[in-house]
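Visitor: model the structure of this input:
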Amino acid sequence: MRLFDTHVHLNQIDDIAGALKRAKKEDVDKILIAGLDLDSNKEIIEIYNNIKNFDLYMALGMHPYKPQRDSFEEVYALIEKHKDVVTAIGEIGLDYWYKEAKEEGPGRDLQREVFRKQLALAKKLDKPVIVHSRAAWSDCFKMVKEYNLIEVLFHWYTGPPDILEDILSKGYYISISPSIEYSKEAQEVVLKTPNDKILLETDSPVRYRPRSGSYISEPKDVIRTLEKLSELKNVNKEELAEITYASSCSFFNIEIK
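Guide: Sure thing, here's the model as predicted:
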């Protein structure tokens, strides 16, 4: 069995070497590291360059929690510089849960401006995009559609069923995290999504809070995502592992060896 954790903030994990060893023991053989801002993107590049004993991939981008006009130009230049080894543009998007973006106004305008620039960059470089869309699912869908992007992943999607239908109708993908162990919204999403349009992730080091007790995640916990998906879909986990692994490699344009 082979697993692909398609969304990890590896630079935020203290014991990276240990986390990778533990991931291998749980059949994780590929990890995509996602950027959030200028500093994390630089850290990701350093990790990518220094770790040679694990199959790592990187996505660089600016998360909507910190959409700054000034540092975006540096992020843009960084992506351009490393475009040959950047697998995707991400984590990018909109988030209307943040205080400054709860209502229409400058906060949302800045998020949209930075998101648009990154969508244009993805189009220019022909890279897949990883979309953060919390409480902004409709706007995110409309904007990626505007740019005629083909390879779009809605990361940790928990939005409304009608937007999910739109996402799937365009051939886009969603990813799911260990939150499906207890989140009704996440469970409803996976039950409405074809198996070959689901990618697995942990979003490590997020803290999850199942009834069995909270824990800070790391890449090995992608097995928890798989096992709950297997239970919900009533499909054995080995089959789902094969399907999701193939879909992940296809989405990120990675050759399966």
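
Visitor: only C-alpha atoms from now on, for both contacts and neighbour counts.
Guide: Fine.

Visitor: for the closest residue in space to F251 that isn't next to it in sequence, give its distance to K197.
Guide: In space, and not counting its chain neighbours, F251 is closest to E151: 6.5 Å by CA to CA, 6 or more residues apart in numbering. Distance, E151 to K197, by CA to CA, to the nearest Å: 12 Å.

Visitor: what do the two both touch?
Guide: Y172 (CA atoms under 8 Å, 6 or more residues apart in numbering).

Visitor: more neighbours, these two?
Guide: E151 (22 against 19; other CA atoms under 10 Å).

Visitor: and the pLDDT at that one?
Guide: Model confidence at E151, given as pLDDT, is 97.

Visitor: kindly report the same for E100.
Guide: 87.

Visitor: and it, which of the three is it?
Guide: What DSSP: H, G, I helix; E, B strand; the rest coil gives for E100 is helix.

Visitor: dihedrals phi and psi, the closest residue to it other than its chain neighbours?
Guide: Of all residues not flanking E100 in the chain, G107 sits nearest, at 5.0 Å (CA to CA, 6+ apart). Taking degrees, to the nearest 10, you get phi -60, psi -50 for the backbone angles of G107.

Visitor: am I right that G107 is in contact with A101?
Guide: Yes: applying CA atoms under 8 Å, one finds G107 in contact with A101, separated by 4.7 Å.

Visitor: now Y173: how far from P128?
Guide: 11 Å.

Visitor: so what sits against both of the two?
Guide: Counting by CA under 8 Å, 6+ apart, the residues touching both Y173 and P128 are V152, L153.

Visitor: appreciated, that's everything.
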